[in-house]
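Asks: I need the structure of the sequence given here:
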Amino acid sequence: MYLNIGDQRISLFVPFARQDFVRDVEADVDRLYAKWRKAFPAKTDREILAMVAYQYASFYGELKERYETALAKAQDCIAYIDGVDSGAEDSGD
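Replies: Presented below is the predicted three-dimensional model:
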């Protein structure tokens, strides 16, 4: 499939089941590029694309941190539940 972001055509292989998702991402990225292209007319296309790349990398980094925090909390909860279950088994309840 082909993507078009900032007038740059990109060819990539995407499984059919993921193509709608990829098109949605393409549209979001291209909208941000167009918005910033208008907001920063003195910047080059390359600078705008770098800004967009950073923005999405920042989103990814934030989501990764949130995921890791949620995973740690879930593991703590599972450990607590396992401890409660073990205590119930030991007491014969």
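Asks: quick one: the helices in this structure?
Replies: 19-39, 45-91 (DSSP state H).
Asks: quick one, the longest one and helix 19-39 angle?
Replies: Going back to what we said before, that points to helix 45-91. 130 degrees (axes from the mean of the first three to the mean of the last three C-alpha atoms, to 10 degrees).
Asks: which other helices and strands contact helix 45-91?
Replies: Contacts defined by 3 or more C-beta pairs under 8 Å, 6 or more residues apart in numbering; DSSP states H and E place helix 45-91 against helix 19-39. C-beta: built from backbone N, CA, C; applies to glycine.
Asks: Could you do the first one as well?
Replies: Contact partners of helix 19-39 among helices and strands, from 3+ C-beta pairs under 8 Å, 6+ apart: strand 2-5, helix 45-91.
Asks: could you dump those to a markdown table with mean pLDDT?
Replies: Listed next are the helices and strands packed on helix 19-39 as a markdown table, based on pLDDT from 0 to 100:
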| stretch | mean pLDDT |
| --- | --- |
| strand 2-5 | 92 |
| helix 45-91 | 91 |
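Asks: highest average neighbour count across these?
Replies: strand 2-5 (a mean of 14; mean count of other C-beta atoms under 10 Å).
Asks: Listing partners with orientation, what would you give for that strand?
Replies: strand 8-11 (antiparallel) (DSSP bridges).
Asks: tell me the mean pLDDT for the strand it pairs with?
Replies: Strand 8-11 comes out with an average pLDDT of 91.
Asks: As CSV, the helices and strands packed on helix 19-39 with distance to residue 19 would be great.
Replies: Listed next are these as CSV, based on distance: least, C-beta to C-beta, whole Å:
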stretch, distance to residue 19
strand 2-5, 10
helix 45-91, 19
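Asks: middle-most residue in this protein, spatially?
Replies: residue 60 (4.2 Å; C-alpha atoms, centre = their mean).
Asks: From residue 66, how far off is that residue?
Replies: The spacing between residue 60 and residue 66, counted by C-beta to C-beta, to the nearest Å, is 11 Å.
Asks: anything in contact with each of those two?
Replies: Common neighbours of residue 60 and residue 66 are not found (criterion: C-beta atoms under 8 Å, 6 or more residues apart in numbering).
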